[in-house]
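Visitor: sequence-free structure coming up:
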């Protein structure tokens, strides 16, 4: 399974946005949304229980794949701030299923995301 996850576990987050209704409809009772980010073709949502990443596919975007990564499955994470000549930051998550890389573009605050990860991952233990 880890090799299969490695094939598709790289996402790019842009600016913070409001969560969409279809993602809100996926939440469990008591699950709260803390942040949502635009991705290349859809949205990523940080909730109290998990990271939800929706990925519209195909030419029309009518095929949608949804990933749900529970915080309790994350073993370790790293944050890389943008350097002087590098405009992108990175977050990496090591999970029971494999490795996930998240590229952060301008508008996605690496410090805010690190704070969310700290609270969710350490709080899920």
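Guide: Yep, it's here. Computed from a prediction, not measured in an experiment: that's the story for all the values here.

Visitor: Tell me where the protein has helices.
Guide: Applying DSSP state H to the chain gives helices spanning 2-8, 21-24, 110-123.

Visitor: and the first one, what's its mean pLDDT?
Guide: The reference is to helix 2-8. For helix 2-8, the mean pLDDT works out to 50.

Visitor: picking up where we left off before, can you list the helices of the chain in CSV and add mean neighbour count and distance to residue 66?
Guide: Where you see a C-beta, it was placed from the backbone N, CA and C, and this is true even at glycine. Below are these laid out as CSV (neighbours: other CB atoms under 10 Å; distance: least, CB to CB, whole Å):
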stretch, mean neighbour count, distance to residue 66
helix 2-8, 11, 12
helix 21-24, 13, 8
helix 110-123, 15, 19
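
Visitor: could you dump these to CSV with distance to residue 49?
Guide: CSV is the format used below for the helices of the chain (distance: least, CB to CB, whole Å):
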stretch, distance to residue 49
helix 2-8, 19
helix 21-24, 13
helix 110-123, 8
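
Visitor: mind checking which of those helices is nearest residue 62?
Guide: Checking the helices of the chain against residue 62 by CB to CB gives helix 21-24 as the closest, at 12.7 Å.
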